[in-house]
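**Student:** What would the 3D arrangement of this be:
(one chain, ligands or ions: 1)
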Amino acid sequence: MKILVLNCGSSSIKFQLFEMKDKSIPIKGIAEKVGLKGSFVRIEKANGEKIRFEGEIIDHLVGIEYILGIITSKKHGCLSKLTEINAVGHRVVNGGELFSSSVLITDEVQSEVERFCDIAPLHNPANLKGINAIKMLVPGIPQVAVFDTAFHQTLPPYAYMYAIPYSLYKKYGIRKYGFHGTSHYYISKRACEILKVDIKAQRIITVHLGNGASMAAVKDGKSIDTSMGFTPLEGLIMGTRPGDLDAGVLSFIMDKEEIGLSAMSTLVNKQSGMLGITGVSSDMREIEDAAHKNHNDRAMLGLDMYHYRVKKYIGAYASIMGGVDVIVFAGGIGENSPESREAICSGLEFLGIEFDHGKNKGLRSKEAVISTPQSRVKVMVVPTNEELVIAEDTMRIIKETKKTSSK
Ligand code: AMP
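**Tutor:** Residues are numbered from 1 along each chain as shown. All right, here's what the predicted structure looks like:
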């Protein structure tokens, strides 16, 4: 079975084609700057060969048509026709309270996803564009939606409610939804497979540190709290987002700077976080370099704030779970920055963590345990693989649908 996984952002389309027989990926890539000047598609073949195609990609439909053309091209592709693809799995960012697992996309599902555009205006519209493009280009192909919010639907009400008038929850669905659910699900499950322990008896803190960053408290296999909220702005400090912030700051800035909603939204989505604090970059590699090679004080301050916030959440999540058994790092920073992992875990010996500095040093993008063998709490690095979860869920749902329709 061949599954195409699509992750459509506002100006990018990531894709991976899976051969499910052996979970291999004959081709993957990304269309970038969709709808902007200088758009292009980058692909990587199974043999590691990378190719870049320049071309005007005015919208998602054109981008996906371009990608499908490459996949089926004689020179660079791996399929002779599009009908060889059995199904398409989409990352959909917000499934609201309705979707606690992945679903086959029907007209009803699509209109529900459309309804959630209101609460996820930066993400759901792009996801829908991808779904509609596939409908037009490969009519009749089954499509599955895998929601970023689904894994966190097990949060209890006292964890997901905000202390604002209850009527606003009823009227607009204002509550914590949490995001990166597919990643938190995958890394918690994979960590237990590596450790050969039953996930149903573990207290796990998953730490996904990428350009966007979030953590989850996963007790007995279920997410019971997570740091992102109604939108992906809450929680940890991120590349360009502030994470937790006194709500009073927003109205104060709007008043003093005389800016409106749209400028405020840009400020908290694109100009804050590590970029805002350091003034250097949103990219952790550049910030670490600025702090250590150039002795940049603001870069140093940014790093201290970043690590401190993650450490604070570890304490909070250990406390709500009555302790912690496993801490898992993932995401571009969690997988590749030994400095961040070490700074975050330092001083946590009281929780039962014995950090192994030797194993952590230089470790990048590899599954590993980075605590000592005696450490009561296992600290791990598990590179995340959201695309694989999407492909597996898509295959499962397609098979289930076929079974029920043949009954
Ligand atoms: P992601 O959004 O998961 O792709 O993660 C992107 C983030 O990972 C960026 O801030 C990168 O700077 C960071 N990153 C990638 N490689 C490294 C590295 N070797 N050291 C520190 N940060 C890294």
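**Student:** from here on, contacts and neighbour counts on C-alpha atoms
**Tutor:** Noted.
**Student:** pLDDT wise, what is the closest residue to the ligand within the stretch 1-150 of the chain at?
**Tutor:** Here the residue of the stretch 1-150 of the chain nearest the ligand is Lys14; by CA to the nearest ligand atom that distance is 12.2 Å. We have a pLDDT of 97 for Lys14.
**Student:** Which element, helix or strand, includes it?
**Tutor:** Using DSSP states H and E, the element containing Lys14 is strand 12-19.
**Student:** Which residues does that strand contact?
**Tutor:** Applying CA atoms under 8 Å, 6 or more residues apart in numbering, the external contacts of strand 12-19 come out as 1-8, 24-34, 60, 63-64, 387, 391.
**Student:** what about the helices in the stretch 301-407 of the chain?
**Tutor:** Using DSSP state H, counting those that start in this stretch, the helices of the stretch 301-407 of the chain run over residues 331-336, 338-345, 357-360, 386-406.
**Student:** highest average neighbour count across these?
**Tutor:** helix 331-336 (a mean of 24; mean count of other CA atoms under 10 Å).
**Student:** Quick check: closest non-adjacent residue to the residue most central in space within the chain.
**Tutor:** Nearest to the geometric centre of the chain sits His180, at 3.7 Å (CA atoms, centre = their mean). Nearest residue to His180, sequence neighbours excluded (CA to CA, 6 or more residues apart in numbering): Asp148, at 5.2 Å.
**Student:** so what's the one you found up against?
**Tutor:** Shown in contact with Asp148 (CA under 8 Å, 6+ apart): Arg91, Val92, Val93, Asn94, Gly95, Gly178, Phe179, His180, Gly181, Thr182.
**Student:** pLDDT weak spots in the chain?
**Tutor:** Within the chain, no range satisfies pLDDT under 70.
**Student:** Tell me where it has strands.
**Tutor:** With strands called from DSSP state E, the chain shows them at 2-8, 12-19, 24-32, 40-45, 50-54, 87-92, 103-104, 143-147, 203-209, 213-219, 222-226, 326-330, 368-369, 378-381.
**Student:** Which neighbouring elements make contact with the last one?
**Tutor:** Think strand 378-381. Judged by 3 or more CA pairs under 8 Å, 6 or more residues apart in numbering; DSSP states H and E, strand 378-381 is in contact with strand 326-330, strand 368-369.
**Student:** Tell me which of those is the most buried.
**Tutor:** strand 326-330 (a mean of 26).
**Student:** Is it positioned near the ligand?
**Tutor:** No. Judged by CA under 6 Å from any ligand atom, strand 326-330 stays clear of the ligand, getting no closer than 7.8 Å.
**Student:** Got a ChimeraX select line for the buried ones in the contacts of strand 12-19?
**Tutor:** To isolate the buried members of those in ChimeraX, using 16 or more other CA atoms under 10 Å:
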select :2,3,4,5,6,7,8,25,26,27,28,29,30,31,32,33,34,60,63,64,387,391
